[in-house]
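J.: Sharing a sequence plus its predicted fold:
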Amino acid sequence: MIIGILKEPIDEARVALLPEAVKTLISWKVSVWVENNAGSSAYASDELYKEAGAEIHQRAEILQQSDLLLGIQAIAEDEIAKMKPSGVLMGQLNALFNPELTNYLVKEKRTAFSMELVPRTTRAQAMDVLSSMATVSGYKAVLMAADLLPRFFPMFMTAAGSITPSRVLILGAGVAGLQAIATARRLGASVFAFDVRQAAKEEVLSLGAKFVDVEGATEDKGAGGYAVEQSAEYLQKQKDTIHEHAMKADVIITTAQIPGRKAPQLVEERTVRAMKPGSVIIDLAASSGGNCALSQPDQTVEVNGVRIVGVGNLAANMPQDASKMYGKNYLNFLKLIIKDGNLNLNFEDDIVAGTCVCHDGKPVNSRIVQMLNN
């Protein structure tokens, strides 16, 4: 069996598997073909892949010969058409946000797995690329904010006087939010955090931040740790509370997202205009609609001296460790579908079925089935 690893688009510095992960795959009695310079932006040379046991090939060869094609971002339909009919495509395809690609895969009777669909269960944690990349994003968001802020993060006692610590407000206490809290605290900031899930309160407090409480939230234990949609009354109360805290904040980092839906708007235009000049907003949900009313994907907008940075793929800014974590998630998942050097797709396994977009012309993941039926 041949496993192919493709070079990502020019704006993506990560690679699906680093040489150390390739070495593990080789020990599973499979052949690994790597596109030339696939790992160069993650500082993994072709020579390192060769030393790990991989073969270096051109992209066209890998597309045509691979039994399993691994990547991060989705490839174009014309490249999918060049794959062998039995070839399996795997990556972070954003299948719920890209119905055109999903419909194409079903129509062409392809087998595809989308890693963002990995179930949010204890057993699947080691395969959860969203959590891994959120760790990177939360960390980098704080460093980006610290770089843009015209103030220190920590408190200083100097001969020139005292510097008070910056005040950081984190909206959303999932993986990215918790990592942002931890990083901001390490830098000495005074940190406040909000999340609709009361279960997040204990984690926020354990990291040394203060929890912003808004009573009346709807929670769903079946939501896999994600937030769920809230009532109009609660949403207004939430926005008013955030507005009060935002006016005192030097930095706001927003991380709140709902799978398959537009990101909830937490920071209104009136809130931005009420913030202190020099303040910074880092919106990690910009690519899915934005938590801030004024954020734009992959752009920095300035309003009344407040800089709003809409970021999408922050993980690509740390390609070495992000690729290492992504590759480990891949290996943990591949253990479920590779047996004795061959593909063995067991759709009785809830993780395999939950991650599968489609197989043999039929959608498999329940949310994909629902999306295509609507």
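T.: Right, received. Where do you want to start? Numbering: from 1, shown residues only.
J.: use CA for all of it now, contacts and neighbours both
T.: Will do.
J.: chain center to stretch 112-130, what's the gap?
T.: 12 Å (Cα atoms, centre = their mean, to the nearest Å).
J.: sorry, that was for stretch 296-315
T.: Centre-to-centre, stretch 296-315 and its host chain are 17 Å apart (Cα atoms, centre = their mean).
J.: Tell me which residues touch residue 365, please.
T.: Applying Cα atoms under 8 Å, 6 or more residues apart in numbering to residue 365 gives the contacts 353, 354, 355, 356, 357, 358.
J.: ugh, wrong one, residue 40
T.: By Cα under 8 Å, 6+ apart, the residues touching residue 40 are residue 46.
J.: so which of the contacts of residue 365 would you say is closest to residue 106?
T.: Closest approach between these and residue 106, by Cα to Cα: residue 358, at 6.1 Å.
J.: Assumed the closest one was part of a helix.
T.: No - going by DSSP: H, G, I helix; E, B strand; the rest coil, the assignment for residue 358 is strand, not a helix.
J.: unless I'm mixing things up, it is touching residue 107, no?
T.: No - at 9.8 Å, residue 358 does not count as touching residue 107 under the criterion of Cα atoms under 8 Å.
J.: more crowded one of those two?
T.: Legend: neighbour count by other Cα atoms under 10 Å for residue 358 and residue 107, higher for residue 358 (24 against 14).
J.: Show me what that one is bridged to.
T.: Listed by DSSP bridges, the beta-bridge partners for residue 358 are residue 112, residue 363.
J.: same question, residue 251
T.: Under the criterion used (DSSP bridges), residue 251 bridges to residue 168, residue 280.
J.: I'd like the distance between it and residue 315.
T.: 20 Å (Cα to Cα, to the nearest Å).
J.: out of these two, which sits in the busier spot?
T.: The neighbour comparison of residue 251 against residue 315 (other Cα under 10 Å) goes to residue 251, with 30 against 24.
J.: Tell me the confidence at that one?
T.: In this model, residue 251 is scored at 98, pLDDT.
J.: give me the low-pLDDT residue ranges for the chain?
T.: Counting by pLDDT under 70, the chain contains low-confidence residues at 217-229, 260.
J.: tell me the domain boundaries of it?
T.: 2-127+321-373, 133-317 (automatic domain parsing).
J.: For residue 213, give its distance to residue 13.
T.: In terms of Cα to Cα, residue 213 sits 38 Å off from residue 13.
J.: Which of those two has more residues huddled nearby?
T.: Set residue 213 next to residue 13 and count neighbours by other Cα under 10 Å: residue 13 wins out with 23 against 17.
J.: quick one: contacts for that one?
T.: Residue 13 neighbours (Cα under 8 Å, 6+ apart): 41, 42, 316, 317, 319.
J.: and if you look at residue 256?
T.: Residue 256 neighbours (Cα under 8 Å, 6+ apart): 171, 172, 173, 174, 227, 263, 264, 284, 285, 291.
J.: what about residue 206, how many neighbours?
T.: Around residue 206 there are 10 other residues, counting by other Cα under 10 Å.
J.: shouldn't residue 327 be in contact with residue 16?
T.: Yes - contact criterion Cα under 8 Å: residue 327 and residue 16 qualify, at 5.7 Å.
J.: So for those two, which sits in the more crowded spot?
T.: Just comparing residue 327 and residue 16: by other Cα under 10 Å the higher neighbour count belongs to residue 16, 28 against 24.
J.: What strand or helix carries the more buried one?
T.: Assessed by DSSP states H and E, residue 16 sits outside every helix and strand.
J.: Residue 89 versus that one, what's the distance?
T.: 13 Å.
J.: residues bridging contact with the two, i.e. touching both?
T.: residue 70.
J.: Convert the C-alpha atoms of whichever strand or helix holds residue 351 to PDB, please.
T.: Using DSSP H and E, residue 351 falls within helix 350-355. Provided in PDB are the C-alpha atoms of helix 350-355 (Å, rounded to 0.1, in the frame of the first residue of the first chain):
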ATOM      1  CA  ASP A 350     -17.700   5.100  15.900                       C
ATOM      2  CA  ILE A 351     -14.500   7.100  15.300                       C
ATOM      3  CA  VAL A 352     -14.000   5.800  11.700                       C
ATOM      4  CA  ALA A 353     -17.600   6.300  10.800                       C
ATOM      5  CA  GLY A 354     -17.800   9.700  12.500                       C
ATOM      6  CA  THR A 355     -14.700  11.000  10.600                       C
END
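J.: outside of that helix, which residues touch it?
T.: Under Cα under 8 Å, 6+ apart, the answer for helix 350-355 is 113-119, 124, 336-337, 345-347, 364-366.
J.: What are the boundaries of the strands in the stretch 201-350 of the chain?
T.: Using DSSP state E, counting those that start in this stretch, the strands found in the stretch 201-350 of the chain span residues 210-212, 251-254, 280-283, 299-303, 306-310, 338-339, 342-343.
J.: quick check, nearest of the contacts of residue 13 to residue 206?
T.: Nearest member of the contacts of residue 13 to residue 206, counting by Cα to Cα, is residue 317, at 28.2 Å.
J.: can you map out the helices along the chain?
T.: With DSSP state H as the criterion, the chain has helices at 19-26, 46-51, 59-65, 77-80, 99-107, 129-148, 175-186, 200-206, 232-246, 269-274, 319-337, 350-355, 366-373.
J.: ranking those helices by burial, who's on top?
T.: Of all these, helix 175-186 has the most neighbours on average by mean count of other Cα atoms under 10 Å, namely a mean of 24.
J.: tell me what that one is packed against?
T.: helix 129-148, strand 167-171, strand 190-194, helix 200-206, strand 251-254 (3 or more Cα pairs under 8 Å, 6 or more residues apart in numbering; DSSP states H and E).
J.: closest to residue 62 out of those?
T.: Nearest of those (Cα to Cα): helix 129-148, 23.8 Å.
J.: Thanks a lot, catch you later.
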